[in-house]
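Let's see this in three dimensions:
(one chain, ligands or ions: 1)
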Amino acid sequence: MIQKYVFGSPIETDAVVEDIPVSGEKLPFFELTGDNGFLYQLAEKDIVYGLGEQVRGINKRGWKYVSCNSDNPHHQEDTVSLYGAHNFLLISGEELFGVFFDYPGSMSFDIGFTRRDTMKVLTSDFNLYVYIITGENEKEIVKQFRRIIGQSYIAPKWAFGYGQSRWGYKSADEIRTVAEEYRKRNIPIDSIYLDIDYMEHYKDFTVNEETFPEIEKFCAEMKAMGIHLVPIIDAGVKIEKGYSVYEEGVRNNYFCKDENGNDFTGAVWPGRVHFPDFLDPEVRKWFGEKYSILLEKGFDGFWNDMNEPAIFYSEKRLASVMERINELSKENMGTDGFFEFTGLVNGISNNTGDYDCFFHKVDGKMLPHSKVHNLYGYNMTKAAGEAFKKLSPEKRILMFSRSSYIGAHRYGGIWQGDNKSWWSHLLMNLQMMPSLNMTGFLYTGADTGGFGSDTTEDLMLRWLQLSVFLPLFRNHSAQGTRPQELYRFENCEDCKRMIEIRYGLIPYLYSEYRKAILRDEMMYRPLAFDFREDEDARSVEDQLLLGNELMIAPVYKQNATGRYVYLPEEMMLVRMRSPEDFETETVEPGHHYIRAELNELVFFIRKDKAIPFGTAAPDTARLDTSSLRFIGYPEAGYELCEEEGTSVLHMFEEHK
Ligand code: MIG
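Just a heads-up that it's a prediction; the model follows:
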């Protein structure tokens, strides 16, 4: 059952697409605090799931979080905000219910942080909708929530192939080399990403003709090699006379305004920019249609970045900071002055104070950005998604974004942003999957190998052993870090075999992905969602159920040659070194230490289940799905859900 409650006069976010009448009853479970907040008494054993893209564990209890989308490359234990605002929680324990706070401004969640037995949720101004969802179990509650927020975006099948990316590829030649290195070694690959350097001075929808000459030809050349090129699009539009996107935006009042009604100016990669007012449907239509410039050149996938929006500095803040620094530098700077100085400098980027200095047009009214901050990236992605429906009705386009709000899942996926090459971030990648799935983000994954800081070969291998199971499988890294294309490693062969296994898994993964979307289900679940009564399952933080058949439990510690795994039921362990080289063994329920050498992918098939498994292929277009094998329990069948419909497969039965 779903009940909708209203407080004050909320801004419509369109997160929920189903019409639900507002309940006249009193909000259950929560107490109103009188300071714009909601209070819930947590019982000793309550688990709190949710919040989508956030740090820490699957159980969110014991920390505080803030939904305030931010360009934050420090994903640490004490981080409170990342790039998304996913205000859905599921409380499981004494009571069982889901709650969605549909609120586009900044809000905070103290989940047993100040007091272990208290959850306090605070909004900035108490104008919001609250949805309470009750049901028989966790899965059923999520299903109801997913139904009211609308069906998730479906990525093309090729987007399940392996992708190589790096911030720093500067020319077509460099990209060509990457493609050749992969093909030369027969490492499967489907996509190479173009980061900001493909553009001319970081101007959206332009291509640098010197470094990327004849881009149509280059796209075609890559396509002939089986490789899709995926360019980045940034939110800010460069201020430059003669640049058509800028000029059209100014002429038609498509940019966010400052308090005087002038176009608001901030700075990002291109230098000074204006920000399109994506909350205005007319602006979305205009910006969305710009993607056709690149579609026509042969691109068929995009990633939207810097759309929290990230602001290096606003013109106004820069001026006031400079003025103050000038004053300070005239004096003999004492301790106080010095800290004021560093504070000013450090606070110049992504300063939430700037959010009151620019405005959006919402239903004909001007609203300060702070009121709708968390909707910006969502609406940028919506602009693209809506446009693709018109520009490319026949062909699926890959789209994922950095920033998001619930609702964005209908238009694209997200990636988990600027993580680091840290072992803890490999675990965090896994832990974010269920909470993202709860809120509709199915096409997701993190930068494999880690984005910031230097990776190591063993970290890469272990990370591959998680990412082979995740929809978005992209190796991406930041400039200045150790190069991490797979052919850079001494044991490139081991990496290659993991990618080959991935291609063997794609028929299964894409099928489970489609099922999860079409049925409003979670593709990745905590163990406790299927084994509710099992106390040990309820505390597992480093294993996931995948689809209806698998359990994954990757090694995420350096130098470990195995790990403890909890089996809530008997399962079949698969130990795989390549698509052709693997063994299986049945493992009893309980806690086990499972060995897994660096070159071994270990995963589990649930009791009486089996999965279809293909062979390696250079890319998804060349996957041979006519000869799927089965791995798992001998009597099991499998329902394959493909683009054309579903078909039931049985063990040893050939798939046509
Ligand atoms: O300020 O485009 O998260 O994936 O490589 C950094 C450069 C801007 C942030 C993205 C990252 C991308 C990088 N971008």
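
where's the residue of the chain found nearest the ligand, which helix or strand?
At 3.4 Å from the ligand, Trp167 is the closest residue in the chain, using CB to the nearest ligand atom. The way it works is simple: take the backbone N, C-alpha and C, and place the C-beta from them, glycine included. For Trp167, there is no helix or strand it lies in under DSSP states H and E.

what's the neighbour count on the residue lying closest to it once chain neighbours are set aside?
Spatially, and ignoring its direct neighbours in sequence, Trp167 is nearest to Asp195 (4.4 Å; CB to CB, 6 or more residues apart in numbering). By the criterion of other CB atoms under 10 Å, Asp195 has 20 neighbours.

Trp286 now?
18.

give the contact list for the nearest residue to Asn252 once chain neighbours are set aside.
Distances taken as CB to CB, 6+ apart put Trp286 closest to Asn252, at 7.2 Å, once the chain neighbours are dropped. Residues in contact with Trp286 (CB atoms under 8 Å, 6 or more residues apart in numbering) are Glu248, Gly249, Asn252, Tyr254, Pro276.

Which of those residues fall within strands?
Counting by DSSP state E, no part of the contacts of Trp286 is found in strands.

about what we covered before: buried set for the helix or strand harbouring the residue nearest to Asn252?
Under the criterion of DSSP H and E, Trp286 resides in helix 281-295. Of all the residues in helix 281-295, those buried under the rule 16 or more other CB atoms under 10 Å are Val283, Arg284, Trp286, Phe287, Gly288, Lys290, Tyr291, Leu294, Leu295.

gap between the first helix or strand past it going along the chain and the chain center?
Toward the C-terminal end, the helix or strand that comes next after helix 281-295 (DSSP H and E) is strand 301-305. Distance of strand 301-305 from the chain centroid (CA atoms, centre = their mean, to the nearest Å) equals 12 Å.

repeat for stretch 260-280
25 Å.

Checking the nearest residue to Ile239 once chain neighbours are set aside next. Helix, strand or coil?
Using CB to CB, 6+ apart and skipping residues adjacent in sequence, the residue nearest Ile239 is Arg272, 4.7 Å away. Secondary structure assignment for Arg272 (DSSP: H, G, I helix; E, B strand; the rest coil): strand.

So Arg272 is in contact with Thr265, correct?
Yes. Here Arg272 lies in contact with Thr265, judged by CB atoms under 8 Å, at a distance of 5.5 Å.

Can you work out which residues contact both of these two?
By CB under 8 Å, 6+ apart, the residues touching both Arg272 and Thr265 are Ile239, Glu315.

So for the two, which sits in the more crowded spot?
Taking other CB under 10 Å, Arg272 and Thr265 do not tie; Thr265 has more neighbours (21 against 15).

For burial, what's the neighbour tally of the residue lying closest to the more buried one once chain neighbours are set aside?
Once flanking residues are discounted, Thr265 sits nearest to Glu315: 4.3 Å by CB to CB, 6+ apart. For Glu315, the neighbour count with other CB under 10 Å is 14.

With the one 4 residues further on instead?
The local packing count at Ala319 equals 11, with neighbours defined by other CB under 10 Å.

cool, Pro471 as well?
23.

Repeat that for the one 4 residues further on.
For Asn475, the neighbour count with other CB under 10 Å is 26.

Distance from stretch 354-372 to the middle of the chain?
Using CA atoms, centre = their mean, the offset of stretch 354-372 from its chain centre is 26 Å.

Let me fix that, I meant to ask about stretch 583-597.
31 Å.

got the CA coordinates for it in PDB?
Output of stretch 583-597 as PDB, limited to C-alpha atoms (Å, rounded to 0.1, in the frame of the first residue of the first chain):
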ATOM      1  CA  GLU A 583      35.100 -26.200 -12.000                       C
ATOM      2  CA  THR A 584      32.000 -26.300  -9.900                       C
ATOM      3  CA  GLU A 585      31.400 -27.800  -6.500                       C
ATOM      4  CA  THR A 586      28.400 -27.900  -4.200                       C
ATOM      5  CA  VAL A 587      28.800 -26.000  -0.900                       C
ATOM      6  CA  GLU A 588      26.700 -26.500   2.200                       C
ATOM      7  CA  PRO A 589      24.900 -23.600   3.800                       C
ATOM      8  CA  GLY A 590      26.900 -21.700   6.500                       C
ATOM      9  CA  HIS A 591      30.100 -19.700   6.800                       C
ATOM     10  CA  HIS A 592      33.000 -20.800   4.700                       C
ATOM     11  CA  TYR A 593      36.500 -19.600   3.900                       C
ATOM     12  CA  ILE A 594      36.700 -19.700   0.100                       C
ATOM     13  CA  ARG A 595      40.000 -19.500  -1.700                       C
ATOM     14  CA  ALA A 596      40.200 -17.400  -4.800                       C
ATOM     15  CA  GLU A 597      43.500 -16.800  -6.400                       C
END
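
sorry, back to before: so who does the residue nearest to Ile239 touch?
By CB under 8 Å, 6+ apart, the neighbours of Arg272 are Lys238, Ile239, Thr265, Gly266, Glu315.

Among these, which lie within helices?
Glu315 (DSSP state H).

out of the contacts of Arg272, which one sits closest to Gly450?
For those, the closest approach to Gly450 (CB to CB) belongs to Gly266, at 28.7 Å.

Now for the residue nearest to Trp167: which residues touch it?
Ser165, Arg166, Trp167, Gly168, Tyr169, Ile232.

Confirm that the last one sits in a strand.
What it means is Ile232. Yes. The assignment for Ile232 (three-state DSSP) places it in a strand.

Bridged to it, which residues?
Beta-bridge partners recorded for Ile232 (DSSP bridges): Trp303.

The stretch 301-450 of the chain: helices as residue ranges?
315-330, 335-346, 369-372, 376-391, 423-438 (DSSP state H, counting those that start in this stretch).

Could you export those helices as a markdown table, including mean pLDDT and distance to the ligand?
Below are the helices of the stretch 301-450 of the chain laid out as a markdown table (pLDDT from 0 to 100; distance: least, CB to the nearest ligand atom, whole Å):
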| stretch | mean pLDDT | distance to the ligand |
| --- | --- | --- |
| helix 315-330 | 93 | 17 |
| helix 335-346 | 93 | 16 |
| helix 369-372 | 98 | 20 |
| helix 376-391 | 97 | 12 |
| helix 423-438 | 98 | 14 |
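
tell me which parts of the protein are close to the ligand?
Residues of the chain lying close to the ligand (CB under 6 Å from any ligand atom) are Trp167, Asp195, Ile196, Ile232, Asp305, Met306, Arg402, Gly417, Asp418, His476.

for the protein, longest helix please?
Longest helix in the chain, counting by DSSP H: helix 492-518.

residue ranges with poor pLDDT in this structure?
644-656 (pLDDT under 70).

SS state for Asp110?
Of the three states, Asp110 takes strand under three-state DSSP.

wait, doesn't it sit right on Met119?
Yes. Asp110 is in contact with Met119 according to CB under 8 Å; the separation is 6.7 Å.

Comparing the two, which residue is more hemmed in?
Of the pair Asp110 and Met119, Met119 is the one with more neighbours under other CB under 10 Å, namely 25 against 18.

residue contacts, the more buried one?
Met119 touches Leu39, Tyr40, Gln41, Leu42, Val48, Ile91, Phe109, Asp110, Ile111, Gly112, counting by CB under 8 Å, 6+ apart.
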